[in-house]
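Participant: fold the following, please.
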Amino acid sequence: MHSLLKNLKVEINDKLYLKDPESSDLGKRIVSHSIEMIYELGFEQFTFKKLGVVIKSNESSIYRYFESKHKLLLYLTSWYWSWIEYQLILETMVMTTDQDKLIKAVEILTQEVSQDSNFSHINEVLLNKIIISEFSKSYLTKSVDQENKEGFFAIYKRLVVRLKDLITAVDATYKFPSSLSSMIIDGALHQHFLKDHFAAITDCNSHTTPTHYFLNLINQLIITNEKR
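Facilitator: Here you go, the predicted structure:
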């Protein structure tokens, strides 16, 4: 699977960028170093001016690719969810039972990335940590409705629907498949964040992962009920 992931060409809404960063070495360096800097500094402290210093390029050259750091964050989150979706498809396509597909999907969607898949300019480990801490900032804005209309969250929403369909395939009587699906995907990010920063208000820790929690939840709500 890793060899297939290396050849993945992520298709992202072209309204998120002014020039495709995949089309040039500078664009790839912008993406690569922005991931490192957002991880190190946090999204609030990250600026194109600081990025320009690191990549030894004029700040204006970065604006030729992205009109704002908000659009850059949307680009990075879209890339990440597309990468996760591709993993989900590859891992489940050879499985024969709906239950196995659902379990594998929950594992993929809730686990913390611990090994880089060796993309030349994308550090998925750091990007995963950015998604955990910064993803909500991509949509908790006044412009979310307009950006949603323009399809900026299409990949994320498509992933929610994929998981919803897997839930329904196992238990068609479950009344809240979309809510459960979105809760698992967003909730996993939240539990990872709590584990690292607010350990007193989560049961997740170095031994009990968010994946353990959500697999238990799925088993109680969907799999056990389907067997009755």
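Participant: just the CA coordinates for the longest helix anywhere in the chain, please, in PDB.
Facilitator: Scanning the chain for the helix with the most residues, using DSSP state H, yields helix 69-92. The C-alpha atoms that make up helix 69-92 are tabulated as PDB, following Å, rounded to 0.1, in the frame of the first residue of the first chain:
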ATOM      1  CA  LYS A  69      -2.500  31.600   5.200                       C
ATOM      2  CA  HIS A  70      -6.200  30.500   5.700                       C
ATOM      3  CA  LYS A  71      -6.300  29.200   2.200                       C
ATOM      4  CA  LEU A  72      -3.000  27.400   2.800                       C
ATOM      5  CA  LEU A  73      -4.500  25.800   5.900                       C
ATOM      6  CA  LEU A  74      -7.500  24.700   3.800                       C
ATOM      7  CA  TYR A  75      -5.100  23.300   1.200                       C
ATOM      8  CA  LEU A  76      -3.200  21.300   3.900                       C
ATOM      9  CA  THR A  77      -6.300  19.900   5.500                       C
ATOM     10  CA  SER A  78      -7.800  18.900   2.100                       C
ATOM     11  CA  TRP A  79      -4.500  17.200   1.200                       C
ATOM     12  CA  TYR A  80      -4.600  15.300   4.600                       C
ATOM     13  CA  TRP A  81      -8.200  14.100   4.300                       C
ATOM     14  CA  SER A  82      -7.600  13.000   0.700                       C
ATOM     15  CA  TRP A  83      -4.600  11.000   1.800                       C
ATOM     16  CA  ILE A  84      -6.600   9.400   4.600                       C
ATOM     17  CA  GLU A  85      -9.500   8.600   2.200                       C
ATOM     18  CA  TYR A  86      -7.100   6.900  -0.200                       C
ATOM     19  CA  GLN A  87      -5.700   4.700   2.600                       C
ATOM     20  CA  LEU A  88      -9.300   3.800   3.700                       C
ATOM     21  CA  ILE A  89     -10.200   2.800   0.100                       C
ATOM     22  CA  LEU A  90      -7.000   0.700  -0.400                       C
ATOM     23  CA  GLU A  91      -7.200  -1.000   3.000                       C
ATOM     24  CA  THR A  92     -10.900  -2.000   2.800                       C
END
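Participant: what sits closest to Asp98 if chain neighbours are left out?
Facilitator: Ala169 (4.1 Å; CB to CB, 6 or more residues apart in numbering). All C-beta atoms are positioned from the backbone trio N, CA, C, and that covers glycine.
Participant: count the neighbours of the one you found for me.
Facilitator: Ala169 has 16 neighbouring residues, counting by other CB atoms under 10 Å.
Participant: what sits against it?
Facilitator: Applying CB atoms under 8 Å, 6 or more residues apart in numbering, we find Ala169 in contact with 98, 101-102.
Participant: again, only this time at 10 Å
Facilitator: Counting by CB atoms under 10 Å, 6 or more residues apart in numbering, Ala169 touches 97-99, 101-102, 177, 222, 226.
Participant: hang on, the earlier thing: follow the chain on from the longest helix of the chain and name the next helix or strand.
Facilitator: Later in the chain than helix 69-92, the nearest helix or strand by DSSP states H and E is helix 98-110.
Participant: can you give me the buried ones in that next one?
Facilitator: Of the residues in helix 98-110, 98-99, 101-106, 108-110 count as buried by neighbour count, 16 or more other CB atoms under 10 Å.
Participant: now the two most distant members of these.
Facilitator: Asp98 and Thr110 (18.4 Å; CB to CB).
Participant: hey, which helix or strand in this structure has the poorest pLDDT?
Facilitator: One helix or strand of the chain scores below all others by mean pLDDT, DSSP states H and E: helix 2-6, with a mean of 53.
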